[in-house]
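**Student:** Based on what follows, work out the 3D shape:
(2 chains)
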Amino acid sequence: MTDTINIMIVGVGGQGTLLASRILGNAAIDCGFDVKVSEVHGMSQRGGSVVTYVKYGEKVFSPVISEGEADIILAFEQLEAYRYLKFLKKDGTMILNTQKIAPMPVITGAASYPEEIIEKLNKTGAKIIAIDALSAALKAGNAKAVNVVLIGVLASKTNIQKDIWQKAIEKTVPPRFLQVNQQAFEAGYNDQKGGGCV
Amino acid sequence: MKKLMLGNAAIARGAYEAGVTVVSSYPGTPSTEITQEIAKYDEIYSEWAPNEKVALEVAIGASFAGARSMSCMKHVGLNVAADPLYSVSYTGVGGGLVVCVADDPGIHSSQNEQDSRLVAISAKVPMLEPADSEECKQYVKQAFLLSEKYDTPILVRLSTRISHSQSLVEQGERVEKPLGDYEKNIAKNVMMPTMAVKRHIFVEKRLGDMKRFAEECELNTIEHKSEKVGVISAGIAYQYAKEAFPEASFLKLGMLNPLPTDLIKDFAKSVDTLYVIEELEPVIENHCKVIGVDVIGKQILPKTGEYNVGMIKKAVFGINADTHNIDEEAPGRPPVMCVGCPHRGTFYVLNKLGLTVSGDIGCYTLGALPPLSAMDMCVCMGASIGMAHGIEKARGDDFRKKTVAVIGDSTFLHSGITGLIDMVYNKGNSTVIILDNSITAMTGHQDNPATGYTIKGEPTKTVDLEKLCKAIGIENIVAADPFDLSGFEKVVKEQTAADGPSVIIAKRPCALLKGVVFSGALEITDNCKNCKMCLRLGCPAISTVDGRVVIDSSQCVGCNLCVKVCKFNAIEPITPLTKGMKL
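**Tutor:** Below you'll find the predicted structure:
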């Protein structure tokens, strides 16, 4: 039995993590895997810390990933990368968008945004791939395509074929945004250095 | 072909395939998408009711009339629908009647963490609990068969991780269920004492019949593996347990009320050590203890919060996860009102006036959090108005003048209106602010009786909140725009000072609604004195970088509230030139 691949997508409500997890889920099904995608709806979507889980393999039980069990964490924001690092496997990979979004306790002055997060993450020995996905999305034509840029980076790190990802995007994204998202995917896919990791 | 589906969508698919023709619900996370998906099937009549009690009553009527019908709600919604539920348990059904209830372990989007299995036991209504999307579909179909066979409503229990997880579902065809005959039968359908006495006897007999069914049915299955360790589990907890105990034997329960006895005893005999893994209340565990089966459960695992695989492994085997660690604590990121949210204006003013605010359930409950910090209490749907009235009766008129109730449009129609009637009838003088954002926002934009559209998007009659309040005896009704900060403040001051009950309708649509347009992103100019007044709005687009206030142009929509609180004219629309530089 092949091991289940555990992928977490973390970010701030409104950044498009849900769509990213659905693209990933659809790509995994196309490969013939059993798939579970766990989403967040309701109050926590309103600008809060959000996490979705995607698991695929021969047979998936829990839709949720526990601490130390994620093969890949796709982090849409630095603080959220930092918050969920403990979910990463020792030999897992964190793909990190360098964007920073201040949470309300930081805005009100009750807390401060941690400094030099990427350096701290690197120091733990975890494999960290950082990318400015917001700039890449703006180049592709829409700031909201950050999620698909990151999916592009993720795609380049999996054993799932590129055309399966492209099909999954066509299936998941509304037609009028397809072109922007296809460009965003390419930007993410071509950005990365290094071979597949899962 | 197998399709990736949310548990909620799979419930809807199951109802569709089962030939359901009437569904009435009230939205509530994590149950909302069931009825939203149902609305996409034109073979099914669907509606949003004003509250869960009405929704269930509509489904009961349809069932009496011979149709397969369904009502869906969240756990606390089942409290609202408890009155009809407990008595339809006595009457039984005509066409099959299924009530889907979604619990929220971990309290992702609720006010409490109650366990609906206890309601099923108390109402003597059989309950099924699926463990993935495929089972959601199958169990709903099975529930309709059981409902008709045993003459009972059936509860289908979901939880956040079942409702909001996607897994693979095999799609089937719809089998039309012809409308059953309607027969007048007052001995069965009129619950007054002489009839109800007899129906209670029927209910007890039915529970006995269903218990025999539970001993043998395919909903409760044994997976034999290890003779050393056995696990009894159900629903989402079963999925966690399967990963935590890969070698154990399992008794997976798909029917949670009534629970089997012999099946559990036999399973217990086949293993040396028996665990019960269930989130929230020890329902299965207590049943095991009553029937004399020794199990390990809540002595090692909590009654609070969600479970996960790692937690179970740690509690049972003492295995800690191998993780990367950073010592520094990450600051929290609680949910916030969206950029452009109309509630921000309301709560900014209430905070400024230092009022005691009796709150309610919706996006605006976020007004309780800093920096707006303008809500003192929030208990359940519709409670704000009754509580404000109670505050006045307890503390008198001076305190009343420093108190307001706030309630959303949908919540007001759900169960706020009765509180307001009470206040008028019993000579209260409180001020109620109805936050009319033209939608049921928190649950993801559902229409309601005040929006003018049905669940299918068809135009319909619109409840006129002003006329409604007038009709029940409120004389002081003022509409105000919460983005007109000074005007809104003036209205609140006047109404709270006045004698007699009053209603302020804070009218401005949800910022996320189609057709709501703003002027575009703003920026801080050189006029800024860094006084940080704008930070008091709690806008997620305004923060400080290196001690200076900045507006994040990727988030700001240009609602202009910050422009209104800035005393130095230091916030302006981004000029094309600077916008170009920012990119």
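**Student:** Do I have it right that residue B:536 meets residue B:565?
**Tutor:** Yes: counting by Cβ atoms under 8 Å, residue B:536 touches residue B:565, with 7.1 Å between them. The way it works is simple: take the backbone N, C-alpha and C, and place the C-beta from them, glycine included.
**Student:** Tell me which helix or strand residue 20 sits in.
**Tutor:** Using chain A. helix A:17-30 (DSSP states H and E).
**Student:** Please enumerate the helices of the stretch 51-200 of chain B.
**Tutor:** B:52-64, B:75-80, B:82-91, B:116-123, B:133-150, B:160-163, B:186-189, B:193-216 (DSSP state H, counting those that start in this stretch).
**Student:** Would you mind giving these as a markdown table with mean neighbour count and distance to residue B:362 added?
**Tutor:** Converted to a markdown table, those look like this (neighbours: other Cβ atoms under 10 Å in any protein chain shown; distance: least, Cβ to Cβ, whole Å):
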| stretch | mean neighbour count | distance to residue B:362 |
| --- | --- | --- |
| helix B:52-64 | 24 | 16 |
| helix B:75-80 | 24 | 13 |
| helix B:82-91 | 20 | 22 |
| helix B:116-123 | 21 | 22 |
| helix B:133-150 | 23 | 27 |
| helix B:160-163 | 30 | 19 |
| helix B:186-189 | 14 | 36 |
| helix B:193-216 | 15 | 37 |
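**Student:** Please identify which of the ones you listed is closest to residue B:490.
**Tutor:** helix B:75-80 (36.5 Å; Cβ to Cβ).
**Student:** So what sits opposite the residue positioned nearest the centre of chain A in the bridge?
**Tutor:** With distances taken as Cα atoms, centre = their mean, residue A:74 lies nearest the centre of chain A, 2.8 Å away. Residue A:74 has these beta-bridge partners by DSSP bridges: residue A:9, residue A:95.
**Student:** TSV for the helices of the stretch 51-200 of chain B, including mean pLDDT and distance to residue A:191?
**Tutor:** Output for these, formatted as TSV (pLDDT from 0 to 100; distance: least, Cβ to Cβ, whole Å):
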stretch	mean pLDDT	distance to residue A:191
helix B:52-64	98	49
helix B:75-80	98	45
helix B:82-91	98	55
helix B:116-123	98	47
helix B:133-150	98	34
helix B:160-163	98	33
helix B:186-189	98	67
helix B:193-216	98	56
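**Student:** so which of those gets nearest residue B:361?
**Tutor:** Closest to residue B:361 of those is helix B:75-80 (Cβ to Cβ; 8.6 Å).
**Student:** chain center to the closest one: distance?
**Tutor:** Put simply, helix B:75-80 sits 9 Å off its chain's centre (Cα atoms, centre = their mean, to the nearest Å).
**Student:** ok now do residue B:79, which residues does it touch?
**Tutor:** Residues near residue B:79 by Cβ atoms under 8 Å, 6 or more residues apart in numbering or on different chains: B:114, B:119, B:380.
**Student:** picking up where we left off before, quick one: common contacting residues for residue B:536 and residue B:565?
**Tutor:** Common neighbours of residue B:536 and residue B:565, using Cβ under 8 Å, 6+ apart, are residue B:348.
**Student:** which of these two has more neighbours?
**Tutor:** For the pair residue B:536 and residue B:565, the greater number of neighbours falls to residue B:536 (19 against 16), based on other Cβ atoms under 10 Å in any protein chain shown.
**Student:** Tell me, what's the model's pLDDT at residue A:198?
**Tutor:** pLDDT recorded at residue A:198 is 49.
**Student:** My error: substitute residue A:192 in the last question.
**Tutor:** 62.
**Student:** Next: residue A:46.
**Tutor:** The score at residue A:46 is 75. That number is its pLDDT.
**Student:** which ones are touching it?
**Tutor:** A:13, A:14, B:335, B:336, B:337, B:338, B:363, B:366, B:442.
**Student:** ok, so of these, who is nearest residue A:65?
**Tutor:** If you rank those by distance to residue A:65 using Cβ to Cβ, residue A:13 comes first, at 19.0 Å.
**Student:** after the helix holding residue A:20, next one along is what?
**Tutor:** strand A:34-38.
**Student:** Give me the mean pLDDT for stretch B:280-296.
**Tutor:** Averaged across stretch B:280-296, pLDDT comes to 98.
**Student:** Going by neighbour count, which residues of it are buried?
**Tutor:** Across stretch B:280-296, burial judged by 16 or more other Cβ atoms under 10 Å in any protein chain shown covers B:280, B:281, B:282, B:283, B:284, B:285, B:287, B:288, B:293, B:295, B:296.
**Student:** next one: stretch A:136-153
**Tutor:** A:136-138, A:140, A:142-153.
**Student:** Whatever residue of the stretch 401-550 of chain B ends up closest to chain A: what's it in contact with?
**Tutor:** The minimum distance from the stretch 401-550 of chain B to chain A, using Cβ to the nearest Cβ, falls at residue B:543 (3.8 Å). Residue B:543 makes contact with A:102, A:106, A:107, B:535, B:549, B:550, B:552, according to Cβ under 8 Å, 6+ apart.
**Student:** So which of the residues you listed belong to strands?
**Tutor:** B:549, B:550 (DSSP state E).
**Student:** In a markdown table, list the contacts of residue B:543 along with neighbour count, pLDDT and distance to residue B:348.
**Tutor:** As requested, those are exported to a markdown table (neighbours: other Cβ atoms under 10 Å in any protein chain shown; pLDDT from 0 to 100; distance: Cβ to Cβ, whole Å):
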| residue | neighbour count | pLDDT | distance to residue B:348 |
| --- | --- | --- | --- |
| A:102 | 23 | 93 | 19 |
| A:106 | 20 | 94 | 19 |
| A:107 | 25 | 93 | 14 |
| B:535 | 18 | 96 | 12 |
| B:549 | 22 | 96 | 17 |
| B:550 | 15 | 96 | 20 |
| B:552 | 19 | 92 | 19 |
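**Student:** Residue B:1: which of the contacts of residue B:543 is nearest?
**Tutor:** residue B:552 (43.6 Å).
**Student:** ok, that closest one - contacts?
**Tutor:** Here residue B:552 is in contact with A:101, B:541, B:542, B:543 (Cβ under 8 Å, 6+ apart).
**Student:** go on, residue B:271?
**Tutor:** Contacts of residue B:271 (Cβ under 8 Å, 6+ apart): B:226, B:227, B:228, B:229, B:230, B:248, B:249.
**Student:** what does the stretch 51-200 of chain B put close to chain A?
**Tutor:** Within the stretch 51-200 of chain B, the positions lying close to chain A (Cβ under 8 Å from any Cβ of the partner chain) are B:108, B:109, B:132, B:161, B:164, B:165, B:166, B:167, B:168.
**Student:** nearest to chain A, of those residues?
**Tutor:** residue B:109 (3.0 Å).
**Student:** so where is chain A shaky, pLDDT-wise?
**Tutor:** Low-confidence segments of chain A, defined by pLDDT under 70, span residues A:1-2, A:42-45, A:192-198.
**Student:** quick one: the helices in it?
**Tutor:** With helices called from DSSP state H, chain A shows them at A:17-30, A:78-84, A:104-107, A:117-123, A:133-140, A:146-155, A:162-172, A:178-191.
**Student:** so can I have TSV of these showing distance to chain B?
**Tutor:** Shown next, in TSV, are the helices of chain A (distance: least, Cβ to the nearest Cβ, whole Å):
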stretch	distance to chain B
helix A:17-30	5
helix A:78-84	4
helix A:104-107	5
helix A:117-123	6
helix A:133-140	6
helix A:146-155	9
helix A:162-172	10
helix A:178-191	15
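**Student:** Point out the most buried one among those helices.
**Tutor:** Comparing the helices of chain A by mean neighbour count (mean count of other Cβ atoms under 10 Å in any protein chain shown), helix A:146-155 comes out on top with a mean of 29.
**Student:** Please name every helix or strand in contact with that one.
**Tutor:** helix A:17-30, strand A:70-75, strand A:88-97, strand A:127-131, helix A:133-140, helix A:162-172, helix A:178-191 (3 or more Cβ pairs under 8 Å, 6 or more residues apart in numbering or on different chains; DSSP states H and E).
**Student:** Now tell me what touches the fifth one from outside.
**Tutor:** If you take Cβ under 8 Å, 6+ apart as the criterion, helix A:133-140 is touched by A:76, A:97-99, A:143-146, A:148-150, A:153, A:180-181, A:183-184, A:187-188, A:191, B:554, B:583.
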